[in-house]
Structure formats: C-alpha cells, structure tokens
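*Asks:* sequence plus predicted model, see below.
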Amino acid sequence: MQVIFRNKRVLAVASLAMVLFVVACALFVHALMGGESEANVPSDNPTRTAGPAEDTAEVDTPAASPAQPGSQTPATPTGQQPAAAGSNKATSGGSSGAASGSGSTGSTSGGTSSGGGGASGGNTSSPEVAGLTNGSVLSAYAGPSTISSGTHVIENKRFTGRLTIAGGTVTIRNSSFNFGDYYHVLVNGGTVTVEHSEFDGMNTTTTADDLGITGDNITVRWSTFKRFVNGIRPGSNSLIEHNVISNPNTAYGPAHTDGIEVYGGTNIVIRSNTINIAGGIGETGCVNIATDFSSISNVTVENNDFTGGTYSLYARLQGAGSSITGIKVRNNRWHTPHMYGTHSVSPTSAISEWAGNTLNGVPLSFEG
C-alpha cells in the first residue's frame, strides 16, 4: 500500500510539473507574438520612453542651419524668431535702437539707426541757415554785367560791381555782393531767383539809396543783408523769405533806413524774415509799404521778426500811387526797441487782415 501511495504522489507531482511547464511555454509564446505584433503596427503618436541620458525638453524654435554662402538671410539663433517685415524690432545684423529715444527716428548711418527725439542727419537735411553755404569756393565773377536773355545759373561767385538783369531767367546761388553802390542787383526785366547769398553795402557814404536788390518778379531767400541803407525793394510778383537783414548803414547821414521797402506793385509775399534795423542812420521801418512809385495791392507780411524803426511796419498812401489795399499782416513778432510804435497805417482800410501778431510775446492789436 505504501508503494502504491508513493507512486501516486510521484505521478501527481509529475503531472503538476508538466502542467506548469505547458502554461509557462504558452505564456512565453503569447508574449513573443504580442510584442512582434505591436512593433509592426504604425502609430500616429508613438509613445516615447526615455532612454539613458535622453533630454526630453521641448524646443519652440529649432536651431537653423548656418546661412549658405550668398544667402541674404542670416542664421536665426535657437529659440528666436526673426522680426517680421516692416517690424521695428531690432534683430542681429539689422537696425539697432530703432525704438529708442523719443520723437521720430534719428540719424541713419551704415544701416543702423539711433533714436534721439527728432529727425536729423541721414534721413532729413538739417534746417537751412541764411547766408553762404560755402564761402571758401567763391571765385571772381567774369560774366557780363548786364544779362538780357536766356537762362543762366550763377553759382559760387564773388561780385565786385553791379549786376543788371534786363531779361531772361537768372538764378544766383552761394554768391557774394560786397561793395558800395546804388544797387547791387538791379532787375529791369526777366525773372530772378537769389538763394544763399551775401550782400554787404560796406557802410557806403556816397549814396542814400544803397540797395541789395530791387525789381519785379524776384525771389530772394536764405540770404543776408548788412551795412545797407535799404536791404530789398521787391516789386510785383515777388517772394522774399527766410532772409536776415541786420546791422544797417551807420555812416551816411541823410539816409532813411528800411529793411524791406515796397514802393509799388501787387502780389508780394514777405515771409519768415528776421529784420533788425536798430541803430541805423535815420532808421524808418523794418517793412515800409508806401505808394511812392505806384499803387499797391495784395501784399502779405507774415511770420517775420521785427526790431527797430520809428515804426517797425508802415503801410501808407502817399506819393504817385492812388490806392493801397489788401495788406495782410499775420503771425509776426515785434521786439523792442522801436522809437514811436509798432506800426503806422494810413488809411486803416489798407489792412485787410491782422491776426496772430505779438509784441515781446504779448498779443498785439491793430491801431491805425
């Protein structure tokens, strides 16, 4: 009986071992076949398992490859997006400081810009200044003393005698007229433009009318006039702007000094000039509008600075003219001293507009 029981127990153990072996084999085969199946199935979003020393940090912008030779676009540093076209954001190799400072963009040089509260330098030229642009390049004028026709541009010349223009179109730039004479430029015909030039009457003691330039159809801008009895006498269809008239003649006793005088004509603009005749012999008016030669109409006097004169502004009916009308006086600045007053007008109907004028910064009302 013991032998039989022992044999049955051995058989049971062997059977159990066999069953466990079969189960183990089945599990092994299943695991093997399942792994191969998953490996062969593609996935849109495969699961990554971190391997040894693997960096799993995300990068928003991949590093760009170095720029190729001849490429117009520089390499973009890792993690930095290039500035969009038209952006004022600074980028490596581009504009620096484009948004710094206040006001408009500052000077530009070599492809970089620096803000600084206002435009100057490369983007816009600096404000113009009255007078010669370059006095060192002047040479003696050897042309005709009278021009009667044609188109002429005279630049960088030094005049020592009167120039008379009887016709044609003449432009004078960066030139000097430094001598004593009754007229320096006498315009009897044609059209004349004078820019950035210098007129010096040299304190002449031989003539009372010593004038820089006179005539119809003249444009005089950005020029200087000094040591004259009278600076400019424009006639019809003339523009006088951005000039400096100062240091009048102090030597010729009978003189009556005017900065700009209008003795007849129409359609005349006197704008943005600085006129100081204080201390001149017989100082009369910074602007003297009087009908000595003929009637006067449509004269605009605006944005000027006045110093000196018995009255700094005259507008009077007298002499050969029969009427004076349409005088517009606006946005001018009077400064002391003047002898008797700021303006003298007769008749008062000569003034068609009076606005924005000041005396030492205080609003100046019109008085006839």
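*Replies:* Yep, that arrived. Given the structure is predicted, the values throughout are model-derived calculations rather than measurements. Numbering: from 1, shown residues only.

*Asks:* wait, doesn't residue 257 sit right on residue 281?
*Replies:* Yes - the criterion here is C-beta atoms under 8 Å, and residue 257 meets it with residue 281 at 6.1 Å. In short, each C-beta sits where N, CA and C put it, glycine included.

*Asks:* so what pLDDT did residue 271 get?
*Replies:* Looking at residue 271, its pLDDT stands at 98.

*Asks:* wait, residue 329 sits on residue 353?
*Replies:* Yes - contact criterion C-beta under 8 Å: residue 329 and residue 353 qualify, at 6.8 Å.

*Asks:* ok so, going back, now for residue 257 and residue 281: what residues contact both?
*Replies:* 229, 248-249 (C-beta atoms under 8 Å, 6 or more residues apart in numbering).

*Asks:* show me the shaky parts of this structure.
*Replies:* Residues of the chain meeting the criterion pLDDT under 70: 1-17, 19, 22-126, 205, 207-209, 252-254.

*Asks:* returning to what we had before: quick one, which of residue 329 and residue 353 is more surrounded?
*Replies:* residue 329 (27 against 14; other C-beta atoms under 10 Å).

*Asks:* specify the local secondary structure of residue 250.
*Replies:* The three-state label given to residue 250 by DSSP: H, G, I helix; E, B strand; the rest coil is coil.

*Asks:* that one: neighbour count?
*Replies:* Around residue 250 there are 14 residues (other C-beta under 10 Å).

*Asks:* could you find the closest non-adjacent residue to it?
*Replies:* residue 281 (5.7 Å; C-beta to C-beta, 6 or more residues apart in numbering).

*Asks:* try residue 223
*Replies:* residue 197 (4.6 Å).

*Asks:* residues contacting that neighbour?
*Replies:* Contact analysis of residue 197 by C-beta under 8 Å, 6+ apart lists 132, 172-177, 223-224.

*Asks:* got it, and residue 266?
*Replies:* With C-beta under 8 Å, 6+ apart, residue 266 has these contacts: 236-237, 296-299.

*Asks:* tell me which two of those sit farthest apart.
*Replies:* Pairwise distances across the contacts of residue 266 peak at 13.1 Å for 237 and 296 (criterion: C-beta to C-beta).

*Asks:* what residues are shared contacts of those two?
*Replies:* 265-266.

*Asks:* looking at the two, which has the bigger crowd around it?
*Replies:* Ranked by neighbour count (other C-beta under 10 Å), residue 237 and residue 296 place residue 296 first, with 27 against 15.

*Asks:* who touches the more buried one in this structure?
*Replies:* 262, 264-266, 289-290, 321, 323-325, 327.

*Asks:* among these, which two are most distant?
*Replies:* 266 and 290 (14.7 Å).

*Asks:* can you pull up the bridge partners for residue 172?
*Replies:* residue 154, residue 194 (DSSP bridges).

*Asks:* now neighbour count and distance to residue 161 too, for the shared contacts of residue 257 and residue 281, in TSV please.
*Replies:* Formatted as TSV, the shared contacts of residue 257 and residue 281 follow (neighbours: other C-beta atoms under 10 Å; distance: C-beta to C-beta, whole Å):
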residue	neighbour count	distance to residue 161
229	27	18
248	29	22
249	27	19
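
*Asks:* with respect to residue 306, which of the residues you listed is nearest?
*Replies:* Among the shared contacts of residue 257 and residue 281, and counting by C-beta to C-beta, the member closest to residue 306 is residue 248, at 13.4 Å.

*Asks:* gap between the closest one and residue 327?
*Replies:* 24 Å (C-beta to C-beta, to the nearest Å).

*Asks:* please apply the same query to residue 306.
*Replies:* For residue 306, the distance to residue 327 - C-beta to C-beta - is 15 Å.

*Asks:* about what we covered before: which members of the contacts of residue 296 occur in strands, if any?
*Replies:* 262, 265-266, 289-290, 324-325, 327 (DSSP state E).

*Asks:* list buried residues within those residues.
*Replies:* 262, 265-266, 289-290, 324-325, 327 (16 or more other C-beta atoms under 10 Å).

*Asks:* quick check: residue 136 is in a strand.
*Replies:* No - Residue 136 is assigned helix when assessed by three-state DSSP, not a strand.

*Asks:* can you pull the contacts of it?
*Replies:* Counted by C-beta under 8 Å, 6+ apart, residue 136 has zero contacts.

*Asks:* bridged to residue 226, which residues?
*Replies:* residue 200, residue 246.

*Asks:* can you put the shared contacts of residue 257 and residue 281 in CSV and add distance to residue 344?
*Replies:* CSV is the format used below for these (distance: C-beta to C-beta, whole Å):
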residue, distance to residue 344
229, 20
248, 19
249, 22
